[in-house]
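In: Can you look at this prediction? I've put the sequence above it.
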Amino acid sequence: MDSKIAEWNKQLAPFRGRRVFTQHQSFVYFLDWAGLVVAGEMEPRPGVTPTPGPLAELVGIARQQGVGECLVENSYDTKSTDDVARHSSAKVVVVPGDVGADPGATSYADYFNEIVSRVVAGLQRVSVSSLGRGPA
């Protein structure tokens, strides 16, 4: 795992300090390790569907703070996440919620590899599509 961790750190390095949304607090440890900052959560509490008011607040936060991604586990409905992304420059990134939750995440190393590769790909898309339009 040491070589994989070094590889993942290298892939994530350019994005340290970037702000992201999550479905809820389930990725706190990963985001802390990756150097990404949680700018807000879609769900006010796990399993509680957000109402339009809080979603509008997230859109405002995304625009003001340059939030690049909305991370959501593949076990959740992405409707709210899609709404926030549609009204901001953030990209929806669906990640496996656990080992075995995705065909590419059959082991612990594969699980982390899927998360890192999807997060990096999403942030790269935001960086490229936001050139010349303020913070990504």
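Out: Great, that's in hand.

In: Just want the most central residue of this protein.
Out: For the chain, the residue nearest the mean C-alpha position is Leu71 (2.9 Å; C-alpha atoms, centre = their mean).

In: Show me what the least confident helix or strand in the chain by mean pLDDT is packed against.
Out: Here the helix or strand of the chain ranked lowest by mean pLDDT, DSSP states H and E is helix 108-129, holding a mean of 87. Applying 3 or more C-beta pairs under 8 Å, 6 or more residues apart in numbering; DSSP states H and E, one finds that helix 108-129 contacts helix 2-12, helix 28-34, strand 69-73, strand 91-95. Any C-beta I mention is one placed from the backbone N, CA and C, and that applies to glycine too.

In: Any buried residues in it, and which?
Out: Neighbour counts over helix 108-129 (16 or more other C-beta atoms under 10 Å) mark 110-116, 118-120, 122-124, 126 as buried.

In: How much space separates Arg16 from Leu55?
Out: Per C-beta to C-beta, to the nearest Å, Arg16 is found 27 Å from Leu55.

In: Between the two, which is the more surrounded one?
Out: Leu55 (17 against 11; other C-beta atoms under 10 Å).

In: picking up where we left off before, point out the most buried one among the helices and strands packed on helix 108-129.
Out: When the helices and strands packed on helix 108-129 are scored by mean count of other C-beta atoms under 10 Å, the highest mean neighbour count falls to strand 69-73 (a mean of 26).
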